[in-house]
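A.B. asks: Sequence and predicted structure, then a few things I'm wondering about:
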Amino acid sequence: MNLSLVNRVEVLEPRWHDRVILPKCSKFVMGSNIITINHHNWPNKYYVHSTSLKKYPIEMKHGRSGSYLVYVIPLDDLQTVQEVIEINKDVKEMFDV
């Protein structure tokens, strides 16, 4: 696999009351995506494939620069990059860990 095929998405912190993250839909690409949560409780990188995003609901958020769509992904559904590597050994070179 080629490293350029892995997209990186950053999320500032989870929405705490329902334990979900809200990454912008426009940040994801077809194929492999790695989500980084910039909060001290979640130091790992998480893997999400674009086909699995279809099962999550989409919400409209309003910011200073206008409205945008976000996926509502539960924290419990996130799978770390290390877990993905352990399950599928031949994808190790795809990730920069």
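C.D. replies: Looks like it arrived, so ask away.
A.B. asks: Report the buried residues of the lowest-mean-pLDDT helix or strand in the chain.
C.D. replies: Least confident helix or strand of the chain, by mean pLDDT, DSSP states H and E, is helix 81-87 with a mean of 80. In terms of neighbour count (16 or more other Cβ atoms under 10 Å), helix 81-87 has its buried residues at 81, 84-85. C-beta: built from backbone N, CA, C; applies to glycine.
A.B. asks: Next: stretch 61-80.
C.D. replies: Buried positions in stretch 61-80, judged by neighbour count with 16+ other Cβ under 10 Å: 70-71, 73, 75, 78, 80.
A.B. asks: Quickly note the distance from residue 83 to residue 51.
C.D. replies: From residue 83 across to residue 51, the span is 18 Å (Cβ to Cβ, to the nearest Å).
A.B. asks: And residue 85, by the same measure?
C.D. replies: 19 Å.
A.B. asks: cool, residue 36 as well?
C.D. replies: Counting by Cβ to Cβ, the gap from residue 36 to residue 51 is 21 Å.
A.B. asks: contacting residues around residue 80?
C.D. replies: 44-47 (Cβ atoms under 8 Å, 6 or more residues apart in numbering).
A.B. asks: Keep only those of these that are in helices.
C.D. replies: In helices, judged by DSSP state H, none of the contacts of residue 80 are found.
A.B. asks: Residue 56: which of these is nearest?
C.D. replies: residue 46 (13.4 Å; Cβ to Cβ).
A.B. asks: out of residue 36 and residue 51, which sits in the more crowded spot?
C.D. replies: residue 36 (14 against 9; other Cβ atoms under 10 Å).
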